[in-house]
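Peer 1: Sequence first, then the predicted structure:
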Amino acid sequence: MYTFSSLLAVVGLTSCTLSRLEPSPCTSDASCQSAFGVAYRCRDDGFCAADSGECATNADCAIGYGQGAVCSDAGICQGATLLETCSLWPDTLSFPILPEETLLVGTIFDHSLDTHVARFQSAQLAL
């Protein structure tokens, strides 16, 4: 017959951690959005919480969550995904892009043409 102490020992040894995790409070909506997604906001108590994130158009998401947020087929705001044929420069650019912090300039170049590659390099140099 198992005793309570042996059962407690088994539960204690199979737990995920024997120490307490210390949560780190959020300081901005951007920190929550980068960790969990565009529909998260930093609450006054320092914890991230999800907004409803409901939308009808991409503009609804851009207004609520900044550039780079799009409306999914399910009507929920989410971060835009970058197609494999696209690239970001600088590569440290992250979404969502907040208009008050970032000026976004977009270009389209066909990298299979030498003239477009030269124009692309000129655009990078100008920025």
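Peer 2: Structure received. Residues are numbered from 1 along each chain as shown.
Peer 1: From here on, just use CA atoms for contacts and neighbour counts.
Peer 2: OK.
Peer 1: Spatially central residue for the protein, please.
Peer 2: By CA atoms, centre = their mean, the chain has its centre lying nearest to Ser34, at 3.6 Å.
Peer 1: phi, psi of that one?
Peer 2: Backbone torsions for Ser34, taken as degrees, to the nearest 10, come to phi -70, psi -30.
Peer 1: pLDDT score assigned to it?
Peer 2: Model confidence at Ser34, expressed as pLDDT, equals 80.
Peer 1: what do you get for the one 3 residues further on?
Peer 2: What the model reports as pLDDT for Gly37 is 79.
Peer 1: What is the helix ranked longest in the chain packed up against?
Peer 2: Across the chain, the longest stretch assigned as helix under DSSP state H is helix 114-126. Applying 3 or more CA pairs under 8 Å, 6 or more residues apart in numbering; DSSP states H and E, one finds that helix 114-126 contacts no other helix or strand.
Peer 1: Run through this structure and note the low-pLDDT ranges.
Peer 2: By pLDDT under 70, the weakly predicted segments of the chain are 1-21, 85, 88-91, 93-99, 127.
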